[in-house]
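Visitor: Turn this into a model:
(one chain, ligands or ions: 2)
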Amino acid sequence: MFELAKQRLASVFKYIDVDEEVIERLSVAKRSIIASIPVRMDNGELKIFTGYRVQYDDTRGPTKGGIRYHPRVNLDEVTSLSFWMTVKCAVAGLPFGGAKGGVMVNPKELSRLELERLSRGYIRAFADIIGETRDIPAPDVYTNSTIMGWMADEYSVISRRQVPSVITGKPVHLGGSEGRESATGQGALHALNEYARRQGCQKSDTTIAVQGFGNVGYHFARLAKKEGYRIVALSDSQGAIYSSSGLNVEDVYTYKQQESKLASVYCDGTVCNMLDYETITNEELLTLDVDVLVLGALENQVSQLNAHQIKAKTILEIANGPVTPQADEVLEANGVNVIPDVLANSGGVIVSYFEWVQNRSGLYWEKAEVKAKLQKVMQKESNIIYDLALRHQCSLRTAAYIHGIERLAGAIDERGNRKYFKKQ
Ligand SMILES: NC(=O)C1=CN([C@@H]2O[C@H](COP(=O)(O)OP(=O)(O)OC[C@H]3O[C@@H](n4cnc5c(N)ncnc54)[C@H](O)[C@@H]3O)[C@@H](O)[C@H]2O)C=CC1
Ligand SMILES: O=C(O)CCC(=O)C(=O)O
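Guide: Numbers count the residues shown, from 1 in each chain. Ligands and ions are numbered 1, 2, ... in the order given. Sure thing, here's the model as predicted:
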């Protein structure tokens, strides 16, 4: 996966003249740590979990990135995610480098207390390498604000002082920022709005299918529906639902909260009939004839295996790495525009940055202020990237990488390396 991720890096060097030293530095992670995390389970047994933290590059500031709990987490995946965080923070213009963490675990199999012991154990294992000006974790797949609260608390216990800024995405009562919970979905909507405005699209005529109904998928779907887009399909890991006239996202969310999976929404015949939804498979959702396909689950969902079947005109990547480089080629040839992850899902880390700033200054902002600041950054960076794509006649992904790598290369150069532009 990491080798594939790096192919994106290589593709921008034909557009910008960058010194080999920059390429060399951005081709490897600065630090990768694997740790054993012992956890006493509720039945008295000791279980050892494997935890990862990769700090990819810190040229532009302390490294930043979420922690993922998933049974398939591995070093290759965490390294790729940390590389994308590096590019993303540069694309958003944040004073951060990139990192990512993870634990190989199925959190659905743990009790709440076991989950808390694992999360505190993760911090004890990595306390020496994280820190408010070193590396600042945040939530990712199957981690949330409650887990971030436990982690920040554990770090404060170890440090014998209050250090809320070591972790972002915390509960608001523990120093979390207003608006962080919905920030990734909200940011993606800003990126889509700017794109739609430039294409002259009417929101009410635009149909959207959303893969993934967790933090980012739910908030995106909820906010997009509120703005007038038509959400016609939703999926989670267990199944998918469809309605040509549009789904009521809040109703679906309420049923999922009660029943824990989307499948229950339609498995219960009463609910299904009442809401007029039909069931489709997860694979069918990806190939629906919609205007926008939103990928908000995991990596490698559109690959060379299914790219040629995609009928959507635009893909919005809220997940990290949901389209493979091989699929990019097929999509580009078929005229499908991809609004790339490093732009589309940057709302989360942007509001994480706001949280870090609030924690460090001790001055807290109201939700409206956070939302206005997020909108300003998303609109600015989206339009820079959409303009770059027009100027270079390249894909939106390549334009986003050009934008991020130029900022990174500038920082690497200004830290004392050879001039990054070979020709001035
Ligand atoms: N939480 C955040 O602030 C950010 C998350 N992301 C990325 O967004 C993606 C989703 O993250 P979250 O929403 O936070 O995770 P989450 O754990 O809240 O939700 C993940 C969702 O994906 C669903 N899912 C898993 N496999 C699926 C499949 N094959 N088909 C359909 N649905 C599937 C799960 O059922 C769940 O609904 C990940 O790639 C993550 O790295 C990116 C930026 C920030
Ligand atoms: O909020 C953050 O610091 C990072 C979120 C994240 O992991 C991501 O953008 O992929």
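Visitor: so where is the stretch 151-300 of the chain shaky, pLDDT-wise?
Guide: Applying pLDDT under 70 to the stretch 151-300 of the chain picks out residues 259-276.
Visitor: so where do the strands sit in it?
Guide: 207-211, 230-236, 239-242, 278-280, 292-295 (DSSP state E, counting those that start in this stretch).
Visitor: who are the neighbours of the first one, in terms of helices and strands?
Guide: The one in question is strand 207-211. Packing partners of strand 207-211 (3 or more Cβ pairs under 8 Å, 6 or more residues apart in numbering; DSSP states H and E): helix 215-226, strand 230-236, helix 282-286, strand 292-295. C-beta coordinates here come from the backbone N, C-alpha and C atoms, glycine included.
Visitor: Go through the third one and flag the buried ones.
Guide: In other words, helix 282-286. Within helix 282-286, the residues that qualify as buried are 285-286, counting by 16 or more other Cβ atoms under 10 Å.
Visitor: before we move on, what SS does the nearest residue to Leu75 once chain neighbours are set aside have?
Guide: In this structure, Leu75 finds its nearest non-sequential neighbour in Tyr52, 5.9 Å apart by Cβ to Cβ, 6 or more residues apart in numbering. Using DSSP: H, G, I helix; E, B strand; the rest coil, the structure places Tyr52 in strand.
Visitor: Hmm, His70 and Tyr52 touching each other?
Guide: No: using Cβ atoms under 8 Å as the test, Tyr52 is too far from His70 to be in contact (11.2 Å).
Visitor: Show me which of those two is the more surrounded one.
Guide: Tyr52 (26 against 18; other Cβ atoms under 10 Å).
Visitor: so that one bridges to which residues?
Guide: Ile34, Gly102 (DSSP bridges).
Visitor: Local confidence estimate at it?
Guide: Looking at Tyr52, its pLDDT reads 98.
Visitor: cool, Gln7 as well?
Guide: pLDDT for Gln7: 85.
Visitor: Torsion angles phi and psi at the residue nearest to it when sequence neighbours are not counted?
Guide: Excluding the flanking residues, the one nearest Gln7 by Cβ to Cβ, 6+ apart is Pro325, at 4.7 Å. The phi/psi pair for Pro325 (degrees, to the nearest 10) reads phi -60, psi -40.
Visitor: OK, contacts around Pro325?
Guide: Shown in contact with Pro325 (Cβ atoms under 8 Å, 6 or more residues apart in numbering): 4, 7-8.
Visitor: got CSV for these, with neighbour count, secondary structure and distance to ligand 2 too?
Guide: Converted to CSV, the contacts of Pro325 look like this (neighbours: other Cβ atoms under 10 Å; DSSP: H, G, I helix; E, B strand; the rest coil; distance: Cβ to the nearest ligand atom, whole Å):
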residue, neighbour count, secondary structure, distance to ligand 2
Leu4, 16, helix, 17
Gln7, 12, helix, 19
Arg8, 21, helix, 16
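Visitor: So Ile136: helix, strand or coil?
Guide: Ile136 ends up strand, using three-state DSSP.
Visitor: Repeat that for the one 5 residues further on.
Guide: Assigned with three-state DSSP, Val141 falls in the coil class.
Visitor: Skip the chain neighbours and tell me the closest residue to it.
Guide: Arg68 is the one closest to Val141 (Cβ to Cβ, 6+ apart), at 4.6 Å.
Visitor: How about the contacts made by the one you found?
Guide: Going by Cβ under 8 Å, 6+ apart, the list of residues near Arg68 reads 78, 81, 100-103, 140-143.
Visitor: Next one: the closest residue to Asn300 other than its chain neighbours from ligand 1, what distance?
Guide: Spatial nearest neighbour of Asn300, chain neighbours left out: Thr324 (5.6 Å); criterion: Cβ to Cβ, 6+ apart. Applying Cβ to the nearest ligand atom, to the nearest Å, the value for Thr324 to ligand 1 is 14 Å.
Visitor: just to revisit the earlier point, save the strands of the stretch 151-300 of the chain as a markdown table, and put in mean neighbour count and distance to Ala196 too.
Guide: Formatted as a markdown table, the strands of the stretch 151-300 of the chain follow (neighbours: other Cβ atoms under 10 Å; distance: least, Cβ to Cβ, whole Å):
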| stretch | mean neighbour count | distance to Ala196 |
| --- | --- | --- |
| strand 207-211 | 25 | 11 |
| strand 230-236 | 24 | 13 |
| strand 239-242 | 22 | 22 |
| strand 278-280 | 15 | 25 |
| strand 292-295 | 28 | 9 |
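Visitor: So which of those is nearest Leu94?
Guide: Among the strands of the stretch 151-300 of the chain, the nearest to Leu94 by Cβ to Cβ is strand 292-295 (23.1 Å).
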